[in-house]
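K.L.:
For reference, the sequence and a predicted model appear below.
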Amino acid sequence: MRRMRRTRKQKPFIPTIDTEAWLADNPGVMIECPGQPGKLRLTKEACARRHMAANEPRWAKIGAEPFHIFVFKMNLVPCRECEIGAQNAKELNLEAEAEAA
Ligand code: SF4
């Protein structure tokens, strides 16, 4: 005998975060990147991690294959010499050292 399959009505996920209120409560967390296209807004920590990833020695060995990794590498090129990223990475490392102590 075949069982009838019941479908559960699932409510669609709708985030209830008021981004404008969050930004007002957390000033200075987000920055606007001058190096990436489209007025990219990201957290200072994300910026610092991009800078650190861009300066990892292993990126020098990556060629044109695999292509998706190559695209990611090229996306990090503006972050390599970026002074904003260097400052954020320094602050992030200082925070990590303070938490470890
Ligand atoms: S390191 Fe510089 S270019 Fe890269 S995301 Fe941060 S601000 Fe933008």
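P.N.:
That came through, no problem.

K.L.:
Check whether whatever helix or strand residue 98 lives in comes near the ligand.
P.N.:
Here residue 98, judged by DSSP states H and E, is contained in helix 83-100. Yes - taking CB under 6 Å from any ligand atom as the criterion, helix 83-100 and the ligand are in contact, through 84-85. C-beta coordinates here come from the backbone N, C-alpha and C atoms, glycine included.

K.L.:
Run through who's touching that helix.
P.N.:
31, 33-35, 44-45, 47-52, 54, 79 (CB atoms under 8 Å, 6 or more residues apart in numbering).

K.L.:
In helices, which of those residues fall?
P.N.:
44-45, 47-52, 54, 79 (DSSP state H).

K.L.:
how about those residues in JSON lines, adding distance to residue 71?
P.N.:
Shown next, in JSON lines, are those (distance: CB to CB, whole Å):
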{"residue": "44", "distance to residue 71": "25"}
{"residue": "45", "distance to residue 71": "23"}
{"residue": "47", "distance to residue 71": "19"}
{"residue": "48", "distance to residue 71": "22"}
{"residue": "49", "distance to residue 71": "18"}
{"residue": "50", "distance to residue 71": "14"}
{"residue": "51", "distance to residue 71": "18"}
{"residue": "52", "distance to residue 71": "19"}
{"residue": "54", "distance to residue 71": "14"}
{"residue": "79", "distance to residue 71": "14"}
